[in-house]
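Student: Next input, structure requested:
(one chain, ligands or ions: 1)
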Amino acid sequence: MAYGNMGKVLEIDLATGEAVEFEPPQETYRDFIGGAGLAAKLLFERGDLAAEPLDPGNLLIFAAGPLTGIGFSGSSRLSVGARSPLTGIWGQASCGGNFGPEMKRCGYDAVVFRGRAEKPVYVLLTEGKAEVLQAEDLWGRDAYETTDLLKEKHGKQCKVLAVGPASENGVLYGSILNDKAHIFGRAGMGTVMASKNLKAFAAQGEMKMELADPDKVKEMGEWFREEVKGNVFCGALSAFGTGANLEAKMYEGDVPTRNWGQGLWEEGAEKLSGIALADNFVIDHGSCRGCAVRCKPVVEVKEGPYAMPPGAGPEYETQASFGTMLLNPELAAVCKANDICNRLGMDTITCGATIAWAMDCFEQGVLKPEECEGVELKWGDIDTVLELLPRIARREGKLGELLALGSRRASGEVGGGSEAFLTDSKGLEAPMHDPRCNWGDGAAYAISVRGACHVSNTTFLLEWGAVEYPEIGLDKNYQPQSAQWKGEAAALTADIGCIFNSACWCEFPGTIFTLTRLAELFDAVAGYGWDVQKMMEAGARVWYLQRCLSHIWGATAEDDSIGRKIMTPVEDGGIAGSVPDMRTMLNEIYELRGLSEDGRPRREVLERYGLTDVADRLYG
Ligand code: SF4
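Tutor: The predicted model follows:
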């Protein structure tokens, strides 16, 4: 009996339309948890590891976790994994919304797409059945229109994942939208989906998942509901969205400004804050299925040059990437940029960060006006940015083509010292928390399995004092601008990130759970008999597997670093003069994780985690 899982995976070959289901061994679920861990395991075992990211041989794997669909706040997430076209290494993204629970209600923990359809298609998943249907009339439409048309055809209850024109056109950071409000943003997973001629994936089902101890899950659910109600952090997210802290964090120096070149921007702190968003544009509070936190603002800009109809509002990351990063104080324009990116299907972090990089290059004379087809890329000129977005999505002209590559690859094209303005790790642009403010973030970005990422670990929450993990020794007196104990913190919170992304658990309400309580929940849901140590081992196993995939695809120790612009000190604000001591933190991590000088995990470490097959592939 599979508890916490449906016990089945569906694999669809888009080249032939053939779908086969199989039952992974119970150890696969237990050892790799589900979600991003299960996706990596399936890709390692069933994929063609020699395939380039946009080759038909690359697998695209949607995988739910054991906590997906248990009805708790934060338990509706879904992960997707594939080799990333943006970074060339392991790529994954995670999304809330409603598709994860629905996929399980169709009877599957994961759906694997291989091959490429001859013409555009979408897949309709129902209970135990997948139909590959033609989508020629949907190709070229934006993600919102596509979703509306599929719901018209299959009913409102049907849940939809859709890509936009940016992915169809090969922009390397294409996203996947779930019901126009929830997004798999990072690492170009939408681009992989479109490369398979797969425009959309729809699902509707009613099947139920068995739990190991339903009474215990119910009891924990009641406890959790009360905890969420009284939690200050969740309360702030409910009222002001994920940008609730933007203003305070700006004064600490955590909010990247002017492509990470400025430590403080008071005008931006006030005008781009979560409070400003709530006061001026929020008309409702959206939510992932069953989540009482409701951290997703629904906004409307009623009039003016940035008018937009009611729809998904920007999250903190976008308030920064299209606000502070570009020195744009117009919050209405951030809402508009967010809306355009969502419809076209582009990751707002990479898109905003790539434009910020280009503005820096332009200011420094590295990117010449003639290379920009007469477009002046100036700080704060958001009107030019809004005009540019559809050109990027179409890869139109020299500039559109360049910016569609993401910053690292664009820098490779431009040369001329443009790498000095990069803010990525492993080719993935850093999210909007500054490692010069909390040094552990630098280490966490550097060793994150998919490149710079704040949801692959919980280091920043630990440094903020929002969480602590005494069960694994992470309860020390962490000072923000210090390397002391930060290597250990980054290494172990990376395992926690792997647990969250594999269990498919949202880190916001998830902060309420201690690790002991989380292990209890796993036990009640899946019956693994885990304690904290066993749970952490599973997280570490996922981290090693995903890291090894990236080494197989060419990653080296040099990639455990962060962009040069982030390593350049600024003169103002709470981070004046601060540069994280990466060497000390990375030495600690390499020691703790058993990594060789070239960055690869040592064979004996992989064997200890039962990854002998991975070691054989890595070392021959
Ligand atoms: S806290 Fe926000 S992102 Fe997390 S599950 Fe709830 S609504 Fe979704």
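
Student: contacts and neighbour counts: CA atoms only from here.
Tutor: OK.

Student: Leu586 is in contact with Tyr445, isn't it?
Tutor: No - with contacts defined as CA atoms under 8 Å, Leu586 does not count as touching Tyr445, sitting 11.1 Å away.

Student: More neighbours: these two, which one.
Tutor: When Leu586 and Tyr445 are compared on other CA atoms under 10 Å, the one with more neighbours turns out to be Tyr445, at 31 against 24.

Student: so which helix or strand takes in the residue lying closest to that one once chain neighbours are set aside?
Tutor: The spatial neighbour of Tyr445 that comes closest, neighbours along the chain excluded (CA to CA, 6 or more residues apart in numbering), is Ala452 at 4.2 Å. Taking DSSP states H and E as the criterion, Ala452 maps to no regular element, lying outside all helices and strands.

Student: Please apply the same query to the one 10 residues further on.
Tutor: Using DSSP H and E, Leu462 falls within helix 459-464.

Student: for that helix, packing partners?
Tutor: The criterion is 3 or more CA pairs under 8 Å, 6 or more residues apart in numbering; DSSP states H and E, and the helices and strands that helix 459-464 contacts are helix 439-447, helix 486-503.

Student: ok, and which of these has the densest surroundings?
Tutor: For the helices and strands packed on helix 459-464, average neighbour numbers computed from mean count of other CA atoms under 10 Å are highest in helix 439-447, which has a mean of 31.

Student: By average pLDDT, which secondary structure element in the chain comes out worst?
Tutor: The element with the least model confidence among the helices and strands of the chain, by mean pLDDT, DSSP states H and E, is helix 507-510, at a mean of 88.

Student: what separates it from the chain centre, distance-wise?
Tutor: For helix 507-510, the separation from the chain centroid amounts to 15 Å (computed by CA atoms, centre = their mean, to the nearest Å).

Student: Contacts made by the helix or strand just after that helix with the rest, please.
Tutor: For helix 507-510, the succeeding helix or strand toward the C-terminus, using DSSP H and E, is helix 515-526. Under the contact criterion CA atoms under 8 Å, 6 or more residues apart in numbering, helix 515-526 has outside partners 2-5, 66-67, 211-214, 216-217, 220, 469, 471, 528-532, 535.

Student: again with stretch 264-275
Tutor: 240-248, 250-251, 253, 257, 276, 316, 319, 323-324, 327-331, 572-574.

Student: please redo it, this time with the cut-off set to 6 Å
Tutor: The contact list for stretch 264-275, computed with CA atoms under 6 Å, 6 or more residues apart in numbering, reads 240, 243-244, 246-247, 329, 331, 573.

Student: Mark which of the residues you listed are buried, thanks.
Tutor: Listed as buried from those are 240, 243-244, 246-247, 329, 331, 573; burial here means 16 or more other CA atoms under 10 Å.

Student: returning to what we had before: can you tell me which of the contacts of stretch 264-275 is closest to Asp48?
Tutor: For the contacts of stretch 264-275, the residue nearest Asp48 by CA to CA is Gly243; the value is 40.5 Å.

Student: Contact partners for that closest one?
Tutor: Shown here is Gly243, whose contacts under the criterion CA under 6 Å, 6+ apart are 274, 316.

Student: Not counting sequence-adjacent ones, nearest residue to the residue in the stretch 51-200 of the chain that the ligand sits nearest to?
Tutor: Checking the stretch 51-200 of the chain residue by residue against the ligand with CA to the nearest ligand atom singles out Gly74 as nearest, at 3.5 Å. Distances taken as CA to CA, 6+ apart put Cys506 closest to Gly74, at 4.6 Å, once the chain neighbours are dropped.

Student: Tell me the gap between the longest helix belonging to the chain and the middle of its chain.
Tutor: Longest helix of the chain, by residue count under DSSP state H: helix 532-552. Put simply, helix 532-552 sits 18 Å off its chain's centre (CA atoms, centre = their mean).

Student: returning to that earlier point: state the mean pLDDT of the helix holding Leu462.
Tutor: Helix 459-464 carries an average pLDDT of 92.

Student: Then stretch 354-368?
Tutor: Confidence for stretch 354-368, expressed as mean pLDDT, is 97.

Student: How about residues contacting it?
Tutor: Applying CA under 6 Å, 6+ apart, the contact partners of stretch 354-368 are 259, 326, 377-378, 406-407, 421.
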